[in-house]
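**Q** got a predicted model here, sequence first, then my questions.
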Amino acid sequence: MSEAPRNLNTVSTEAAAAASVSGARGMLPADGALEKTPLETYVPPAKPSLIGLSRAQISEHLAAIGVAPAQRRMRVQQLWHWMYVRGARTFGEMTSVSKDMRAELEKHVTVDRPDVVAEQISNDGTRKWLLRLPSGNNLEKPHEVECVYIPETDRGTLCVSSQVGCTLNCSFCHTGTQRLVRNLTAGEIVGQIMVARDRLNDWPSPVSSSLGEEKTHRLVTNIVMMGMGEPLYNFDAVRDALLIVADNEGIGISKRRITLSTSGVVPNIVRTGEEIGVMLAISLHAVRDELRNELVPLNRKYPIAELMQACRDYPAASNAKRITFEYVMLKGVNDSLDDAKLLVKLLKGIHAKINLIPFNPWPGTRYECSDWDQIEKFSEYIFNAGYSSPVRTPRGRDILAACGQLKSETEKLSARERQALRAMAMTD
Ligand code: SAH
Ligand code: SF4
């Protein structure tokens, strides 16, 4: 697809991921099924990583290796600083921690991030990393998730995954066709940010630190939870991870620069406002329940009116903190001017920004992307009604990094693995 026409108000993709459900206990979810239950549980490694743990959890590890109660708080602060401000990848680098304690820590825990199995760099500078995660249930093949970095002139956005596959089943989303689902742990979510900063060399250099200079130019400045998975179906891990990412004694990315995108898990939108407080994006995609039921089957559980009410009640919704509504442009499906009119009506009273996403086709999809002149008309109508309506410029298409294109290789299970999964599903 060509670039967005000049006269459109364009922004670059926040890459988005595609997600869609997978999973399911019975391994073979019916087409159009509302949701899948994660089949897999996380099996922690013998030596766990401290990445993604809360301060209290780190303190428990320190207690286990005999650190005196009076010292623990200070030691936790030191570790936190080394991990999240300096990006230390080994305890050996943590020179302000005593040698004995470093040796003890090394015996029991790590500061490991997920393994990077592939890195792709697009000709537009977008980078995609394929990360390997352990699988549970004794499957031989580990899981893989993707995370995508999109550099722009004034910011660098990292698109982060929350699940292997997705619990939901949106009909236009490639991730949704993936059957196997596993929730990521908080460590695996924070780990994606660590990996990106490692690969981009986005930590302060030891020289500038020792001179007391702060490296001010950061490459990863924004986070979008728009990779694989539905973040609000993995609420606790996503909350714990984002609070670590926003912690200003560590990575320190402001909550205003973190956006969580959801297909509309209403009860957890309320919790997001209360417990996380980041920016919200809603994958709306249709303005009538009948069509949204088909595109986003979760709509059958939480219809549009309930979703809009949750948005009106979202505590951060103010002029300064608008909610973004994502709308994928599907030719002849949701792209008419009547749809645009209804959209404007629906958003009345909500401080909203509408993000039009050109549909990214994938093999076997029944949808097509709307024509550019139709996207332009749609965008203009919304703009004239007073809403900002940027069209996301597809980024990283040559490396399949754009919205809706992320899908794990884990999908391709061997016959033996499929048999193992079926057997497990039957004994559940
Ligand atoms: N599960 C969450 C976040 C991940 S999807 C959600 O649905 O919001 C990120 C964005 O990409 C969503 O708006 C999603 O609807 C969109 N998307 C999925 N598949 C797409 C495709 N093939 N083309 C364009 N956008 C897509
Ligand atoms: Fe899951 Fe989002 Fe894809 Fe829907 S659009 S299947 S919620 S990742």
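**A** It's in. Ligands and ions are numbered 1, 2, ... in the order given.
**Q** just give me the neighbour total for residue 167.
**A** 28 (other C-beta atoms under 10 Å). No exception for glycine: its C-beta is placed from N, CA and C like everyone else's.
**Q** with residue 346 instead?
**A** Residue 346: 19 neighbours (other C-beta under 10 Å).
**Q** name all residues that make contact with it.
**A** Counting by C-beta atoms under 8 Å, 6 or more residues apart in numbering, residue 346 touches 287, 304, 308.
**Q** can you check the pLDDT for it?
**A** Looking at residue 346, its pLDDT reads 96.
**Q** repeat for residue 388
**A** Residue 388 is given a pLDDT of 83.
**Q** that one: how many residues sit nearby?
**A** Counted with other C-beta under 10 Å, residue 388 comes out at 14.
**Q** just give the closest residue to it, not the sequence neighbours.
**A** Leaving aside its sequence neighbours, residue 388 sits nearest to residue 353 (C-beta to C-beta, 6 or more residues apart in numbering; 4.6 Å).
**Q** look at the most centrally placed residue in the chain and report its pLDDT.
**A** Centroid-nearest residue in the chain: residue 225, 2.7 Å away (criterion: C-alpha atoms, centre = their mean). Looking at residue 225, its pLDDT stands at 97.
**Q** that one pairs with what?
**A** Following DSSP bridges, residue 225 is listed with bridge partners residue 260.
**Q** ok now do it, which residues does it touch?
**A** 160, 162, 231, 238, 242, 258, 259, 260, 261.
**Q** hmm, which of these are the buried ones?
**A** Burial by neighbour count, judged by 16 or more other C-beta atoms under 10 Å, picks out 160, 162, 231, 238, 242, 258, 259, 260, 261 from these.
**Q** which of those residues come close to ligand 2?
**A** Of the residues in the buried ones among the contacts of residue 225, proximity to ligand 2 by C-beta under 6 Å from any ligand atom holds for none.
**Q** dump these to a markdown table, plus pLDDT.
**A** Output for the buried ones among the contacts of residue 225, formatted as a markdown table (pLDDT from 0 to 100):
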| residue | pLDDT |
| --- | --- |
| 160 | 97 |
| 162 | 96 |
| 231 | 97 |
| 238 | 98 |
| 242 | 98 |
| 258 | 96 |
| 259 | 96 |
| 260 | 97 |
| 261 | 97 |
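**Q** out of these, who's nearest ligand 2?
**A** Closest approach to ligand 2 among the buried ones among the contacts of residue 225 (C-beta to the nearest ligand atom): residue 261, at 7.4 Å.
**Q** could you find the closest non-adjacent residue to that closest one?
**A** In space, residue 261 is closest to residue 281, 4.0 Å off (C-beta to C-beta, 6+ apart).
**Q** likewise residue 200?
**A** Nearest one to residue 200, counting by C-beta to C-beta, 6+ apart, is residue 219 at 4.7 Å.
**Q** ok, now which ones touch that neighbour?
**A** 149, 151, 156, 197, 200, 202.
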